[in-house]
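Student: Please find the sequence and the predicted model below.
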Amino acid sequence: PVSEYLGPGQRASSLPIFLSVNHGVKPRATIEKIEKAVEKGEPFPFVVGGQKIGNNQWVITSMSETWDEIIKDGRLVSAHVTLTLAEYV
């Protein structure tokens with residue numbers, strides 16, 4: 001068989017995120033926003049450190065979360081979230 005180059009494949013990336021009220025975010029509200037983005041499958045630019053990654057937009061294909069700290073009133077104080085992103089071509 002002869003190999004044939006059809007162009008670059010779809011890029012994918014995994015991104016671990018730490019959410020904490022000590023860093024000025026509301027972990028539960030942020031998780032809910034991410035869940036909505038996953039459900040919608042809406043593409044967006046992927047920017048890290050002010051630099052755009054790739055030439056195309058990206059979509060969050062899945063997420064997982066671990067709730068690390070919950071205080072006595074049930075408020076989520078910190079959580080780890082892992083996003084799986086795929087280039088939207």
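Tutor: Thanks, I have the structure now. Residues are numbered from 1 along each chain as shown.
Student: in the protein, which ranges drop under the pLDDT threshold?
Tutor: Within the chain, the segments meeting pLDDT under 70 span 1, 3-9.
Student: and the most centrally placed residue in it, what does it touch?
Tutor: Averaging the C-alpha coordinates of the chain gives a centre point, and the residue nearest to it by Cα atoms, centre = their mean is Leu83 (3.5 Å). Applying Cβ atoms under 8 Å, 6 or more residues apart in numbering to Leu83 gives the contacts 14-15, 17, 34, 60, 62-63. C-beta: built from backbone N, CA, C; applies to glycine.
Student: repeat that with 7 Å
Tutor: Residues in contact with Leu83 (Cβ atoms under 7 Å, 6 or more residues apart in numbering) are 15, 17, 34, 60, 63.
Student: Which residue is the nearest non-sequential neighbour of the third one?
Tutor: Using Cβ to Cβ, 6 or more residues apart in numbering and skipping residues adjacent in sequence, the residue nearest Ile34 is Met63, 5.7 Å away.
Student: Neighbours of that neighbour, how many?
Tutor: Other residues within reach of Met63 by the criterion other Cβ atoms under 10 Å amount to 17.
Student: before we move on, what about Thr30?
Tutor: 15.
Student: Give the helix, strand or coil label for it.
Tutor: Each residue gets one of three states, and Thr30 gets helix by DSSP: H, G, I helix; E, B strand; the rest coil.
Student: Which positions in stretch 54-72 come out as buried?
Tutor: Judged by neighbour count using 16 or more other Cβ atoms under 10 Å, the buried positions of stretch 54-72 are 58-60, 63, 65.
Student: and Ile34, which of the three is it?
Tutor: Under three-state DSSP, Ile34 falls in the helix class.
Student: distance of it from Ser64?
Tutor: For Ile34, the distance to Ser64 (Cβ to Cβ, to the nearest Å) stands at 11 Å.
Student: With Val89 instead?
Tutor: As defined by Cβ to Cβ, Val89 lies at a distance of 24 Å from Ser64.
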